[in-house]
Structures are given as structure tokens and as C-alpha cells.
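*Asks:* Dropping the sequence and predicted coords here.
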Amino acid sequence: MPELNGLIHSIEEGMKRIGYLEEAVRGHINTTRYQNDLLKDSDNWNQICSSLDTINDTLYSQLDYLNAEYPSSSGLKYIFTYGLLQALFIQQDAIRHLLEAFGIQFELTDRLKEIRLLRNASIGHPTKNKTKGATYYNYISRMSLSKTGFTLMRSFDQGSNEFIDIEMYSIINDQLKDIESSYKLLSEKLTEADRMHRDKHKDNLLSDIFHSSMSYTISKVAEAIHSPHSGNTTFALSMLNSIQKTYQKFEASLLERGDLSEYTKYDLDEYNHALRKLKDYLNGNELGLTDSDANIYHFYIREKNNHFEKIAKEVDDNYRK
């Protein structure tokens, strides 16, 4: 019993560590700059998401196997056994496909290969199981079925028999160790890629794009709205051109880093629309626009500028972490 309790504790701790690693991987792929790139290949993106979900689902099945009351009926005992062994098999495929999607070669360890072979013999192809040139006929001993395992009888070579005691808790524990190692390898690769990306851009501050005179520049546009003589209008148009250039550079910088989210892109498109409207108004091309309308557009570009400067600072702070 102490040995069994130790295995259960090891399994539970392993699942927690895998959970932290999964969270790190999900955090990486859901970061705008990486998600934008990954979404370019929808098949690969779906392979990543399906693999992550499947690994998580199979962890739940293993945890519930440990915590659930083992059934007393023979039929449900088989269902429990079949289900767990199949979950282990699926989990191996899922971690392989997850690493594959990130260009990492996954090699089955000897223990994972053994678990795979035991699954095939017990529930995959028990009635005619071909392995390394030999054909086996397999039987699960019903009387041996328990939550901790069972005995598998294998017949081969004209009546030769062998008996294998399969210990379910040890299998779960050993597989989780290899799953954790593979997850850790992936997490480390993604962390290093993130570090290199941050190092490349961390000294090119987005907040520096918004020069200290932005408030002054925007205020000069308001003067032309309130006092629309030629000098004010000409100067205000030059100020609007300066603001447009600032925002073109801001959008280009976000795009270059991969940090231009669809939400920020939408906001920038609206901001540029407001700038164009004001330029048309000052040029006399927007005949339907009143002074009140122009003031509203001006209020929008002034207040929204604060919003974008805040985004720039948040991105800069993120890169410096």
C-alpha cells in the first residue's frame, strides 16, 4: 500500500507539472505575434490545438481512473481497462503530433514502445497480434482484473505460453514522465524563440514613435477648426500629415513584430478614417461636415491617441520583461 500511495502521489504531481507546461505552450501560441504566424497554416494550427486538447483530455481520463471507484461487474471492469489503455495510446500520438507541428522530432522511448505493445496485445489486436515476425493470441485473465492491473496470457509458437503482469499505475506514471519530458523540450524551445524575438526588438521602443509634441500637434488642428483662416488651415493640414506619418510608422512597427492584432488594426483603421475626414474638412472637400462634426472628430483623435500611446507602452513593457 505505501508503494501504491507513492505511485499515486507521483502521478498527481506529474500531472500538475504537465499542466503548467501546457499553460506555457498555450500562452505562447495565443500571443498575437506568434498566433498570427501560426494561423497562416490552418492545418498545422488545428494539429496544434487538437493535440493540446487531446493530451489534456487523456490526463483527465487518467486522473479519473485513479479517483473513481472500480466497478464490481466484469463488463465495466473491461471497459475501465480498455479505456485507460486506449487513452495512453492516444496520448502518445497526441504528444508526437504536437511536437511535429513545431518541427521537433519525437522518438518513442523504450518504455513508451513497451506500453504501446502491451496496449496492442491486450486490447488493440488481441486475437491475432503480429510482433517482430511472431504471431500471438492474447487473453486477459478475467479473474485477475483489478484497478491496479491484470495478467495477460499470450499463446504463440504452437502452444507456447507466457504470462505478463500488467501494472496500470506504473504504466501511467512512467508514461507521464516521458510526456512531461517532451512537453518540457517544447516549452524550452518556445521560450528560447520568444527570448530571441524580444532581444531583437526590445530596444526599438514603440513609445518613441509618439514624439513628445503630439499633444501640441493635435491642438493645432483644433485652432484651424475654430479659426479657419488660410494660415491656420495650412499649418493644421501639415500637422495632420505629421500625425498620419506617426501612425503609419506605428502600424508598420507592430506589423513587423507580429504584434498587430485584429482589434488594434480595426482601431487604427477607424483612426485613419477620422484623420482623412478632418483633412477633407480643412481642404473644403467634405461639404456635408459641420464645425460640430469636425470638433467631434478632433476630440476622437485626441482621446484615441492616448489609447494608442498606452498600447505602445504596454508592448514595450512586455518586451522588457
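*Replies:* Looks like it arrived, so ask away.
*Asks:* What ranges does the protein have for its strands?
*Replies:* Using DSSP state E, the strands found in the chain span residues 129-131, 134-140, 149-156, 160-167.
*Asks:* The last one pairs with which strands?
*Replies:* Based on DSSP bridges, the pairing partners of strand 160-167 within the sheet are strand 149-156 (antiparallel).
*Asks:* which residues sit against the strand it pairs with?
*Replies:* The contact list for strand 149-156 (C-beta atoms under 8 Å, 6 or more residues apart in numbering) reads 81, 118, 121-122, 129, 134-141, 144, 161-169. C-beta here means a position set from N, CA and C on the backbone, and glycine is covered the same way.
*Asks:* thinking again about what came up before, make a markdown table from the strands of the chain and add mean neighbour count and mean pLDDT to it.
*Replies:* Formatted as a markdown table, the strands of the chain follow (neighbours: other C-beta atoms under 10 Å; pLDDT from 0 to 100):
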| stretch | mean neighbour count | mean pLDDT |
| --- | --- | --- |
| strand 129-131 | 14 | 88 |
| strand 134-140 | 16 | 92 |
| strand 149-156 | 17 | 94 |
| strand 160-167 | 12 | 93 |
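*Asks:* Throw those strands into JSON lines and include distance to Arg17, thanks.
*Replies:* Output for these, formatted as JSON lines (distance: least, C-beta to C-beta, whole Å):
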{"stretch": "strand 129-131", "distance to Arg17": "33"}
{"stretch": "strand 134-140", "distance to Arg17": "32"}
{"stretch": "strand 149-156", "distance to Arg17": "25"}
{"stretch": "strand 160-167", "distance to Arg17": "22"}
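*Asks:* Which among those strands is found nearest to Arg111?
*Replies:* strand 160-167 (12.5 Å; C-beta to C-beta).
*Asks:* neighbouring contacts of that closest one?
*Replies:* Applying C-beta under 8 Å, 6+ apart, the contact partners of strand 160-167 are Leu118, Ser122, Thr148, Gly149, Phe150, Thr151, Leu152, Met153, Arg154, Ser155, Phe156.
*Asks:* My guess is Tyr137 contacts Lys128. True?
*Replies:* Yes - when contacts are counted by C-beta atoms under 8 Å, Tyr137 is listed as touching Lys128 (6.8 Å).
*Asks:* just the helices in this protein please.
*Replies:* 2-29, 32-38, 42-67, 74-101, 110-119, 168-201, 214-226, 230-257, 262-283, 291-320 (DSSP state H).
*Asks:* Point out where this protein drops to low pLDDT.
*Replies:* Counting by pLDDT under 70, the chain contains low-confidence ranges at 1.
*Asks:* let's see it at 80
*Replies:* For the chain, applying pLDDT under 80 flags the ranges 1-2, 158-159, 228-230, 286-288, 321.
*Asks:* Could you list the domains of it?
*Replies:* Residue ranges for the domains of the chain, per automatic domain parsing: 2-120+168-199, 205-320.
*Asks:* circling back to that earlier point, and Ser207, which of the helices of the chain is closest to it?
*Replies:* helix 291-320 (4.5 Å).
*Asks:* For stretch 241-260, give me every contacting residue.
*Replies:* Against stretch 241-260 from outside (C-beta under 8 Å, 6+ apart): 32-34, 36-37, 197, 201, 204, 206, 209-211, 214, 217-218, 221, 264-265, 268, 271-272, 275, 301, 305, 308, 312, 315.
*Asks:* coming back round to it: okay, the helices of the chain in a markdown table with mean neighbour count next?
*Replies:* As requested, the helices of the chain are exported to a markdown table (neighbours: other C-beta atoms under 10 Å):
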| stretch | mean neighbour count |
| --- | --- |
| helix 2-29 | 15 |
| helix 32-38 | 16 |
| helix 42-67 | 16 |
| helix 74-101 | 18 |
| helix 110-119 | 17 |
| helix 168-201 | 17 |
| helix 214-226 | 17 |
| helix 230-257 | 16 |
| helix 262-283 | 16 |
| helix 291-320 | 15 |
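*Asks:* Now do the contacts for His97.
*Replies:* By C-beta under 8 Å, 6+ apart, His97 lies in contact with Gln47, Ser50, Ser51.
*Asks:* Mind doing that once more with 7 Å?
*Replies:* Counting by C-beta atoms under 7 Å, 6 or more residues apart in numbering, His97 touches Gln47, Ser51.
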